[in-house]
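Colleague: Return a 3D structure for these sequence lines:
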Amino acid sequence: MNDMTQPKVVGQRTPRIDGEFKLTGRAGYTGELHVDGMLYGYPVPSTIANGKLESLELDEARAMPGVVDIFHHGHFETLHRSPNSMAHGDMVNEVRLPFEDERIYYHGQYVALVVAETFEQARAAAQRVVARYTRMSGAAPGLLQTDAEGELQESAGTSRGDPQAAFGGAEVKVDSTYQIAAESHLQMEMHATLAEWHDDGQRLVVHESTQGVFFQRNAMARVFGLAQENLEVISHYIGSGFGNKLFMWPHAVATTVAARMTGRPVKVVLPRQQDMSSGGNRPASRQRIRLGADRSGKLTSVIHDSTTETSLVHQYVDGCGSATPSFYACDNVSTSQRVLEVNHGTPCPMRAPGEVSGIFALETAMDELAVELDMDPVELRRKNNAELDPASGLPWSSKHLDECLTSAAERFGWAQRNPAVGSMRDGDEIIGYGMAACTWSAGRQPCEARVELRADGTLFAACGTQDIGTGTYTIVAQAVAELTGAELSRIEVKLGETSLPAGPLSGGSMATATVLPAVAAAVRDALDAIKEAAIGSGGAFEGSDADSLFADAGCLTDGNRRVSFEEVLETSKLSSVNGHGSAAPGNEQNEYAFRSFGAHFVEVRIDPDISRVRVARVVSSIDIGRAINPPTARNQVEGGIVMGVGMGLLEKLDYDPRDARLINANVADYIVPTHADAPEIDVELLDYPDFKHNEFGGRGVGEIGLTGVAPAIANAIYHATGKRYRDLPITIEDLLAAD
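Modeller: So this is what the prediction gives:
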């Protein structure tokens, strides 16, 4: 017998262990925290996008009730920039420090921070600060707001074979350009920081809404010249981030300086407008795709050229072509990437960064190729399915794209599709069917964890990763329960502190595959410790062989006698035993290629009289290995699908082409899907555990549900209308203009 014979928890429907705390309001989000003596900060944003701050008129603001101080370029600490290294864990979203100089690089850039006794007082005073500027001509309004390309900087690309020659000799060709507007993360919880200094400014505690407590700690240590041991970052609950909370933003630095200079804790919660203008976004992109194929539909050439925006204060590269080399079997493939510096706030990773934009272009181009070939788009994808990773030549650890295509097509009713444009109707509505394949990388990071078995019968698991609303608390408890047999109600999980064993970023769909192996190693170490106690002098199994004992239902048993963990500890006069574990990617990274794949099928309905388009149905099949907690995993895909509806039809950050000001930084003018826009959704998660990736067989699920949705919508609209829309979002105005 072994410790895996008990009823399984991993892979089974499991209620969120933190659900009660969230439903009852006991979950402590950063913006809700309060400490004694706390002050409130409110940033003052620039009202221009390109120029120089000449002066600040502060007298009226300083005289307002409750104002303690106002920080700006002339009244601020001298700091260091973070080296901004992913490898060293001190990456930031904007390397320029707050108030570092008086140049204005984008609309919404902070020019001051007002600190007062209450939030209302800080906000009122901030609105009385008068900033005077010298405007500079030539503000770069954005990639899509002008035909001028500006100064483009080359980024890394890839190439195999001879794509140009193969494209030139191809029997069938597609050559199209696709554009995607910048998008806001628009997460429910806005960016928030609460900074407290202790020991005369030598020790710092920061509560932050962040997807990476260790990255923020390391970056802050570099900025403030502190030893990492004297700095703690805490993030217990996060109201999502979609990537814009992965790394530190300038507001966190400004808040921390204000706390040290006032000698009191300071909290800043960005208002929605500032969150949208200076808290990150998915950058606009322009992509050219060239596909070459033979008459049978086999790809002979794929050329994917991309340009994305970045800011003037930080270079961010949104790698649109990162999935392209591995997506389809083709001997001649190249990708290239350029970035254009514009007077916008710094972009940053947003759910499925790079790949979701690149897959829109690639999967729309594949649909165009299917039309040129007069071939079913599903069959075209099957014909070019890659049995090995074309980029590395390695075998896939697990891949079931064909089954995803087949299953989703059957459940959707694809066989009933009449391929003729505009041929399917229901009353006054034109029906369009479209589909797209989807993919996302499957990665892992190093991780550590600690597990404690306690004499009171409870179990404790700790890791310095975060739960951004995806269910990490619950899957950690599931892993502990799986290996010990203990009831979930007895398991306490602590996450989101740099005082805990080092954990990964909550991003890139890597947290599950990263954290669970470390937790498992810590559980086994703790079980080894309790077994040693049990077989020792006076122990519950004194004189037995430790290898003869195994865990079952929160007990140790030798197959004949069962003794609870708490009884074992009490007998051994111990309050607890601890287990420590670590895990990291190993040699399997050189032996296999790791990716998840899937397929989305979409039905759109269009009222031709008013050009109203709605997504009526989405049917998806996704292969993510094993879903550790199927309901929360499925919910991640469903959320990605709704987000894809927004990307395809609604979401767009609008910049004034005259001066690069962001003009819709609010939830009234920035349109996102509502309940009324959400389609009927049918998500199937295939169950093929990927044990080459990790012992639990799970790959990440946070991003793949979004990839492929927008092109499936665009392809369905083409089927309904015969109009090929290559720019996102596809708006009512676009449809009307086409008529």
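Colleague: Quick one: mean pLDDT for the longest helix seen in the chain?
Modeller: If you go by DSSP state H, the chain has its longest helix at helix 511-535. For helix 511-535, the mean pLDDT works out to 98.
Colleague: again, but for stretch 463-477
Modeller: 98.
Colleague: elements contacting the longest helix of the chain?
Modeller: strand 447-454, strand 459-463, helix 472-484, strand 555-557, helix 565-571, strand 576-583 (3 or more Cβ pairs under 8 Å, 6 or more residues apart in numbering; DSSP states H and E). No exception for glycine: its C-beta is placed from N, CA and C like everyone else's.
Colleague: Just checking: what are the partner strands of the first one?
Modeller: Right, the one you point to is strand 447-454. The strands that strand 447-454 pairs with in its sheet are strand 459-463 (antiparallel), strand 576-583 (antiparallel) (by DSSP bridges).
Colleague: Please apply the same query to the fourth one.
Modeller: Partner strands and pairing direction for strand 555-557 (DSSP bridges) are strand 550-552 (antiparallel), strand 562-564 (antiparallel).
Colleague: so which of these gets nearest Val257?
Modeller: Closest approach to Val257 among those (Cβ to Cβ): strand 550-552, 49.8 Å.
Colleague: buried ones in that closest one?
Modeller: Judged by neighbour count using 16 or more other Cβ atoms under 10 Å, the buried positions of strand 550-552 are 550-552.
Colleague: Figure out how far it is from the centre of its chain.
Modeller: Relative to its chain's centre, strand 550-552 lies at 37 Å (Cα atoms, centre = their mean, to the nearest Å).
Colleague: Same question for stretch 103-119.
Modeller: Centre-to-centre, stretch 103-119 and its host chain are 27 Å apart (Cα atoms, centre = their mean).
Colleague: How about it, which residues are buried there?
Modeller: Of the residues in stretch 103-119, 104-117, 119 count as buried by neighbour count, 16+ other Cβ under 10 Å.
Colleague: ditto for stretch 287-299
Modeller: Across stretch 287-299, burial judged by 16+ other Cβ under 10 Å covers 287-293, 297-299.
Colleague: end to end, how far does that stretch reach?
Modeller: 19 Å (Cα to Cα, to the nearest Å).
Colleague: Let me know the average pLDDT across that stretch.
Modeller: 98.
Colleague: May I see the buried residues of the helix or strand of the chain with the lowest mean pLDDT?
Modeller: One helix or strand of the chain scores below all others by mean pLDDT, DSSP states H and E: strand 152-160, with a mean of 85. Neighbour-count burial for strand 152-160 flags 155, 157 (criterion: 16+ other Cβ under 10 Å).
Colleague: And stretch 77-97, by the same measure?
Modeller: Neighbour-count burial for stretch 77-97, with 16+ other Cβ under 10 Å as criterion, is recorded at 79, 82, 84, 89-97.
Colleague: now, among these, which is nearest to Gly559?
Modeller: For the buried residues of stretch 77-97, with Gly559 as the reference and Cβ to Cβ as the criterion, the closest is Gly89, at 45.8 Å.
Colleague: Quick check, the closest one in contact with Val213.
Modeller: No: between Gly89 and Val213 there is no contact, the gap being 10.7 Å when judged by Cβ atoms under 8 Å.
Colleague: got the domain boundaries for the chain?
Modeller: 33-137+188-239+245-278, 348-443+593-738, 444-584 (automatic domain parsing).
Colleague: rewinding a little: may I ask which two of the buried residues of stretch 77-97 are separated the most?
Modeller: Gly89 and Arg96 (20.0 Å).
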